[in-house]
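**Student:** test case, fold it:
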Amino acid sequence: MRLMMTFTIPVERGNEGAKDGTILKAIENLVKETNAEASYFTVMDGQRAGYVVFEENDQARLPQLNEPLFAALDAAIDIVPVLTLDDLKRGLSG
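**Tutor:** Numbers count the residues shown, from 1 in each chain. Modelled structure (predicted):
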């Protein structure tokens with residue numbers, strides 16, 4: 001199933017992580033571990049934020065993906081299923 005993880009990092013922790021390299025390391029690991037098909041980074045509500053789109057069929061792996069961001073960056077994380085246009089067309093046709 002294609003999933004999209006959205007995360008935000010509190011400003012103070014983000015500032016620390018930018019200085020000590022924690023942010024880059026955690027995000028690089030996340031993109032690698034998920035084999036992300038797309039990843040984007042931005043600012044959301046005044047905090048550093050990211051979107052990572054990836055395929056995952058084993059729900060039990062989600063804690064392995066979440067916990068490093070929680071522990072290293074105090075991140076707030078949301079994960080939702082997402083569809084491509086072709087997926088949507090297929091879903092609406094039946």
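
**Student:** make it CA atoms for all contacts and neighbour counts henceforth
**Tutor:** Noted.

**Student:** who's in contact with A72?
**Tutor:** Residues counted as contacts of A72 (CA atoms under 8 Å, 6 or more residues apart in numbering) are T22, I23, A26.

**Student:** what residues does stretch 10-28 touch?
**Tutor:** The contact list for stretch 10-28 (CA under 8 Å, 6+ apart) reads G46, Q47, R48, P68, L69, A72, L73, D74, A75.

**Student:** rerun that using 10 Å as the cut-off
**Tutor:** 8-9, 29-30, 32-33, 39, 41, 46-50, 52, 68-69, 71-76 (CA atoms under 10 Å, 6 or more residues apart in numbering).

**Student:** state the distance from A71 to V82.
**Tutor:** 26 Å (CA to CA, to the nearest Å).

**Student:** of the two, which one has the most company?
**Tutor:** Neighbour count, other CA atoms under 10 Å: between A71 and V82, V82 has more, with 16 against 10.

**Student:** list the buried residues for stretch 30-39?
**Tutor:** Within stretch 30-39, the residues scored as buried using 16 or more other CA atoms under 10 Å are L30, V31, T34, A36, S39.

**Student:** CA atoms of that stretch as PDB?
**Tutor:** Extracted in PDB, the C-alpha atoms of stretch 30-39 (Å, rounded to 0.1, in the frame of the first residue of the first chain):
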ATOM      1  CA  LEU A  30      14.000   7.500   6.800                       C
ATOM      2  CA  VAL A  31      14.200   8.000   3.000                       C
ATOM      3  CA  LYS A  32      16.600   5.000   2.700                       C
ATOM      4  CA  GLU A  33      14.500   2.700   5.000                       C
ATOM      5  CA  THR A  34      11.300   3.500   3.200                       C
ATOM      6  CA  ASN A  35      12.800   3.300  -0.300                       C
ATOM      7  CA  ALA A  36      10.800   6.500  -0.800                       C
ATOM      8  CA  GLU A  37       9.300   7.100  -4.200                       C
ATOM      9  CA  ALA A  38       9.200  10.800  -3.400                       C
ATOM     10  CA  SER A  39      10.200  13.000  -0.500                       C
END
